[in-house]
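1. Everything below, folded, please.
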Amino acid sequence: MTGTEVEVLTARDVPLGGPRAMTVRRTLPQRARSFIGAWCFADHYGPDLVADSGGMDVAPHPHTGLQTVSWLFSGEIEHRDSLGTHASVRPGEINLMTGGHGISHSEVSTPGTTVLHGVQLWLVLPDAHRHAPRDFQHHAPKPFRIDGAELRVFLGTLAGDTSPVRTFTPLLGAELVVDPGATVTLDVDPAFEHGLLVDEGAVRLADTVLKPAELGYVPTGRTTLTLTNESDHRARAVLLGGTPFEEEIVMWWNFIARTDEEIRQAREDWMSGTRFGEVVGYDGTPLRLPAPELPTTPLKPRRNPR
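-> Below you'll find the model as predicted:
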């Protein structure tokens with residue numbers, strides 16, 4: 001694998017919904033690439049001092065056609081959803097919520113959080129399962145070491161460790177912490193494409209050095225991935241993977257569908273208070289996020305470049 005085969009995706013700064021928006025760094029989706037496997041959305045934030053940023057306070061909002069994956073490096077977030085779930089998101093623990101036909105939830109950093117730091121990821125549901133029932137799963141993977149690196153596998157299988165969290169397409173999600181100067185070679189599924197999102201340090205993926213907030217994309221056909229920490233302190237990254245997602249989708253605000261009409265119906269259902277259920281216990285302002293106005297022209301479907 002040569003350096004030219006690693007596509008580097010850079011992040012853009014985006015305010016994360018609501019009147020007290022915090023800024024996140026978004027690497028998916030973008031014009032060059034809509035998906036890595038079924039991973040269709042990647043926000044990376046922090047480390048943010050809550051005393052300065054105000055932390056996270058996202059009022060109840062809807063989702064359709066997707067799963068959300070929350071993964072923290074530091075801090076704690078309180079999650080409430082219309083399934084009735086009231087859970088905490090803590091470092092090293094995955095919370096996966098299935099929106100399917102429709103769910104709503106809120107996300108608020110806890111009063112004891114001083115530094116908020118993590119990633120928020122979305123998975124697109126395949127057409128056969130995009131109306132799946134609402135669901136919520138939690139898992140705390142045990143860390144293990146291999147070749148100078150500590151791994152936590154939160155989705156799929158890597159280095160002999162398998163997550164019990166259920167997904168609807170073949171996927172991989174893992175946190176990697178690499179010792180200073182160390183090199184780790186990982187056996188991976190050649191049917192998967194992969195993305196490495198660097199959180200801290202400088203990580204060489206094959207012959208390409210990735211800096212913090214950059215995401216390196218590797219296409220299918222690779223049986224191993226070799227990572228080297230080029231910095232003199234630990235490096236941390238999130239490895240994402242999956243079989244290529246070949247369907248076209250329409251993605252707008254918090255909704256994923258297949259047509260413009262489905263998106264417009266989802267917005268109408270949210271604004272009218274139907275379909276998405278009620279989040280009990282959120283006491284912020286506003287009590288629920290209003291949907292933005294839709295464009296007057298039809299929304300166009302997206303897929304990866306061929």
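2. Every contact and neighbour count from this point should use C-alpha atoms.
-> Will do.
3. Would you map the helices across the protein?
-> 50-53, 260-272 (DSSP state H).
4. Check the offset of the shortest one from the chain's centre.
-> I take that to be helix 50-53. With CA atoms, centre = their mean, to the nearest Å as the basis, helix 50-53 stands 23 Å off its chain's centre.
5. cool, the last one as well?
-> Relative to the chain's own centre, helix 260-272 is displaced by 24 Å; criterion: CA atoms, centre = their mean.
6. buried ones in it?
-> Of all the residues in helix 260-272, those buried under the rule 16 or more other CA atoms under 10 Å are 260, 263, 264, 266, 267, 270.
7. re earlier: worst mean pLDDT among the helices of the chain?
-> Sorting the helices of the chain by mean pLDDT places helix 50-53 lowest, at a mean of 89.
8. right, and the helices of the chain - which one's nearest residue 223?
-> Evaluated over the helices of the chain, closeness to residue 223 peaks at helix 260-272, with 38.6 Å, by CA to CA.
9. which strands and helices sit next to the closest one?
-> With contacts defined as 3 or more CA pairs under 8 Å, 6 or more residues apart in numbering; DSSP states H and E, the packing partners of helix 260-272 are strand 250-252, strand 255-257.
10. quick one, which of the ones you listed is packed in tightest?
-> Comparing those by mean neighbour count (mean count of other CA atoms under 10 Å), strand 255-257 comes out on top with a mean of 23.
11. For that strand, give me every contacting residue.
-> 62, 63, 64, 65, 66, 124, 249, 250, 251, 263, 266 (CA atoms under 8 Å, 6 or more residues apart in numbering).
12. circling back: how about TSV for the helices of the chain, with distance to residue 109 added?
-> Shown next, in TSV, are the helices of the chain (distance: least, CA to CA, whole Å):
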stretch	distance to residue 109
helix 50-53	9
helix 260-272	24
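13. close enough to count as contact, residue 64 and residue 122?
-> No: taking CA atoms under 8 Å as the definition, residue 64 is not a contact partner of residue 122, at 11.1 Å.
14. what's the least confident helix or strand in the chain, going by average pLDDT?
-> strand 12-16 (a mean of 85; mean pLDDT, DSSP states H and E).
15. Look up phi and psi at residue 169.
-> phi -140, psi 160 (degrees, to the nearest 10).
16. That one - how many residues pack around it?
-> 18 (other CA atoms under 10 Å).
17. show me the contacts for it.
-> 38, 125, 126, 242, 243.
18. I'd like these laid out as TSV, including distance to residue 231, pLDDT and neighbour count.
-> As requested, the contacts of residue 169 are arranged in TSV below (distance: CA to CA, whole Å; pLDDT from 0 to 100; neighbours: other CA atoms under 10 Å):
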residue	distance to residue 231	pLDDT	neighbour count
38	31	98	28
125	37	98	27
126	39	98	18
242	28	98	24
243	31	98	21
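19. Now render these as JSON lines, adding distance to residue 105.
-> Shown next, in JSON lines, are the contacts of residue 169 (distance: CA to CA, whole Å):
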{"residue": "38", "distance to residue 105": "21"}
{"residue": "125", "distance to residue 105": "18"}
{"residue": "126", "distance to residue 105": "22"}
{"residue": "242", "distance to residue 105": "26"}
{"residue": "243", "distance to residue 105": "28"}
